[in-house]
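Enquirer: I would like to see how this sequence folds:
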Amino acid sequence: MTGTEALARAVATLRRAGIDDPARDARRLLAHVLGVAAGRLTLVLPDPINDAEAEHFQALIARRAVREPVSHLTGIRSFYGRDFRVSPAVLDPRPETETLIAQALAADFSSILDLGTGSGCILLTLLAERPDAQGIGTDLSPDALAVAQGNADRLNVSARASWAAGSWYAALPNDRCFDLIVSNPPYIALTEMPGLAHELAFEPRMALTDEADGLTAYRAIAAGALAHLHPQGRLIVEIGPTQGLAVAHLFRAAGLENVAVHPDLDGRDRVVVGANLPRTDG
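Expert: Sure, this is the predicted structure:
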């Protein structure tokens, strides 16, 4: 069997399964199996593939047909121009989160706290972009922290990243303050969970929903922000597209200033920013 023949069969299988872009996913998986860059796959499609490669490819296509994410099948997800290892223990990095990165990089910082770090994609991207910065990533999941540490090693920023297990600020080893606090917390309300894409069933539920109204994490993060931000420090969080007003209200109620909601590239509310601007007498 040639690569072309295997690819055609795989596309037909994924199309029957209702996958949105069967050709794209089949090509990515075949490139992964053959160990070639996706952009070079066309060059090797006329060549025969061996039995082991064919069997591996068919197994991956069967898993994709039941909506297991391509990133879980390849173990890699690209984010902000870098490849991150992912697993079922972490939320996949998504393009929308790059809006948070852009806002973070809009001002200077040297210390970062990433609450609920998951794969580490936010913290590690910021460290890679700012070589003089250092940061801590926290998470409830030891498995997630192991993934994040592995990604730090891959990106050669391990010397500037540390990790702490626990819930939000309670995970910190002491009452440290930071120039920048970032988070992409679970923001999907429990009532919204049944309507989500099938692929999300393969991601950690606690990274998706608070099992409540979707605002639980923001209440905790906003309430502790001033105690952990340096003067002029910023808090930046990703939100669901309907949560801008509610999260901005929580920020202001917690004493944060210059609160603003920023859209993603599709024009949907995606990031809320607030700052610690201590008032001075007179």
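
Enquirer: Spit out the contact partners of the residue nearest the centre of the chain.
Expert: For the chain, the residue nearest the mean C-alpha position is Pro93 (2.9 Å; Cα atoms, centre = their mean). Residues near Pro93 by Cβ atoms under 8 Å, 6 or more residues apart in numbering: 77-79, 84, 86, 119, 121. For the C-beta atoms, the positions are set from N, CA and C on the backbone; glycine is no exception.

Enquirer: sec struct for it, please.
Expert: Under DSSP: H, G, I helix; E, B strand; the rest coil, the three-state class of Pro93 is coil.

Enquirer: What separation do you get for it and Glu55?
Expert: Distance from Pro93 to Glu55, counting by Cβ to Cβ, to the nearest Å: 30 Å.

Enquirer: And Asp20, by the same measure?
Expert: With Cβ to Cβ as the criterion, Asp20 and Glu55 are 26 Å apart.

Enquirer: do the same with Pro263
Expert: Pro263 is 45 Å from Glu55, by Cβ to Cβ.

Enquirer: and what of Asp132?
Expert: From Asp132 to Glu55 the distance is 48 Å (Cβ to Cβ).

Enquirer: Which one's more surrounded, the two?
Expert: Using other Cβ atoms under 10 Å as the criterion, Asp132 and Glu55 rank with Glu55 on top: 12 against 9.

Enquirer: what's whatever helix or strand that one lives in packed up against?
Expert: Assigned by DSSP states H and E, Glu55 falls within helix 51-65. Counting contacts by 3 or more Cβ pairs under 8 Å, 6 or more residues apart in numbering; DSSP states H and E, helix 51-65 packs against helix 3-16, helix 22-34, helix 70-74.
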